[in-house]
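In: Quick one, structure for this:
(2 chains)
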Amino acid sequence: GAGVSQSPSNKVTEKGKDVELRCDPISGHTALYWYRQSLGQGLEFLIYFQGNSAPDKSGLPSDRFSAERTGGSVSTLTIQRTQQEDSAVYLCASSRDGTSGTSTDTQYFGPGTRLTVL
Amino acid sequence: AQKITQTQPGMFVQEKEAVTLDCTYDTSDPSYGLFWYKQPSSGEMIFLIYQGSYDQQNATEGRYSLNFQKARKSANLVISASQLGDSAMYFCAMREVTYGQNFVFGPGTRLSVLP
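Out: Below is the predicted model of the structure:
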C-alpha cells in the first residue's frame, strides 16, 4: 500500500519488558513523527525526524523512550522497562516535507500500535 | 501556554444539517499552517483540510470548508450536509514555520451526527 504502515497493530507486554514499535512512512516523505494517544485523549508529541538532521526528542517523556530512523525511512520506537502508564496507542505520521510551511507539511498517519502493559 | 483551543468537547448535529467546529490558535509567527483531522472510532487519523496563513481564500475540500479569520486567530471547520459517517473526533492542528517545526494539536471535539 501507499500509506504509512505500523507494526504490530497490537502489543501486550508485561511490566518491565522492552518493546519495539515499527513505522514505515510513505515513500519519499522526509519527515516522520511519533505521537502517543491515551484513551479518550489528544495527541502527545514524542519525537520528530527531518531528513538527516538531528531528531527533535523534546517530547520523549523519559529516558526509557528512544527512537531511531534508519536510512531516512523506517523508524523504530523503543520503550525500555515498560510501565503501566505507557499503555496507549502509538501513532506514527509522515509528511513530504516538514519545513516548507505549505500543504506539503501535511502529516499522514498510520493505523497505530495499541500497547497494553500488564 | 495552550496554542490550540477547541472549546467544544462535544457537539451534536442532525443529519443533513451543517455544523461548525471551533478552533482558535495562538502564535506570533507570521507564517504557519492550520490543519484539521478526523479520527473515527476505528482510531485512524484522517487529514481533512489545510489552510496556510498567507492564503487569501478559505480552504475547501468537498463538504469541508475552513472559516479562516486571521485577525481573530480562528480556523473553524464547517461540515455541510452532515452524514452519519461524520461522527468522530475532530482535531485542529497548527505548525509554525519560523519558530518551530512541530505540530501542535488541540484537545479535539467529539461530533455526533443524529439520524
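
In: From here on, just use CA atoms for contacts and neighbour counts.
Out: OK.

In: Which residues of chain B lie near chain A?
Out: Where proximity means Cα under 8 Å from any Cα of the partner chain, the interface of chain B facing chain A comprises B:31-33, B:35, B:43-47, B:50-52, B:95-97, B:101-102, B:104-108.

In: let's see 7 Å
Out: Counting by Cα under 7 Å from any Cα of the partner chain, the positions of chain B adjacent to chain A are B:32, B:33, B:44, B:45, B:47, B:50, B:52, B:97, B:101, B:105, B:107, B:108.

In: The second one is in contact with residue B:53, isn't it?
Out: This means residue B:33. Yes: proximity of residue B:33 to residue B:53 meets the contact threshold set by Cα atoms under 7 Å, at 5.9 Å.

In: Between those two, tell me which one has more neighbours.
Out: The neighbour comparison of residue B:33 against residue B:53 (other Cα atoms under 10 Å in any protein chain shown) goes to residue B:33, with 22 against 19.

In: Pull the distance from stretch B:52-65 to the chain's centre.
Out: In terms of Cα atoms, centre = their mean, to the nearest Å, the centre of stretch B:52-65 is set 11 Å apart from its chain centre.

In: Please apply the same query to stretch A:103-118.
Out: Its chain's average C-alpha position is 6 Å from that of stretch A:103-118, according to Cα atoms, centre = their mean.

In: now do stretch B:39-59
Out: In terms of Cα atoms, centre = their mean, the gap separating the centre of stretch B:39-59 from the centre of its chain is 6 Å.

In: For it, buried residues please.
Out: Applying a neighbour-count criterion of 16 or more other Cα atoms under 10 Å in any protein chain shown, one finds B:39-40, B:43-53, B:59 buried in stretch B:39-59.

In: Do I have it right that residue B:35 meets residue B:93?
Out: Yes: with the criterion set as Cα under 7 Å, residue B:35 and residue B:93 qualify as a contacting pair; they are 5.0 Å apart.

In: who's in contact with stretch B:39-50?
Out: By Cα atoms under 7 Å, 6 or more residues apart in numbering or on different chains, the surrounding residues in contact with stretch B:39-50 are A:103, A:108-109, A:111, B:34-38, B:59, B:61, B:87-90.

In: Apply 6 Å and report the result again.
Out: Residues outside stretch B:39-50 that contact it (Cα atoms under 6 Å, 6 or more residues apart in numbering or on different chains) are A:109, A:111, B:34, B:35, B:36, B:37, B:38, B:88, B:89.

In: From the residues you listed, which land in strands?
Out: Where the contacts of stretch B:39-50 overlap with strands, as defined by DSSP state E, the overlap consists of A:109, B:34, B:35, B:36, B:37, B:38, B:88, B:89.

In: Can you tell me which of those residues is nearest residue A:14?
Out: Here the nearest of these to residue A:14, counting by Cα to Cα, is residue A:109; it sits at 27.1 Å.

In: For residue 96, give me its contacts.
Out: Here I'm looking at chain A. With contacts defined as Cα under 6 Å, 6+ apart, residue A:96 is in contact with A:29, A:30, A:104.

In: wrong one, chain B
Out: residue B:32.

In: so what's the backbone phi/psi at it?
Out: Its backbone dihedrals place residue B:96 at phi -80, psi 130, with angles given as degrees, to the nearest 10.
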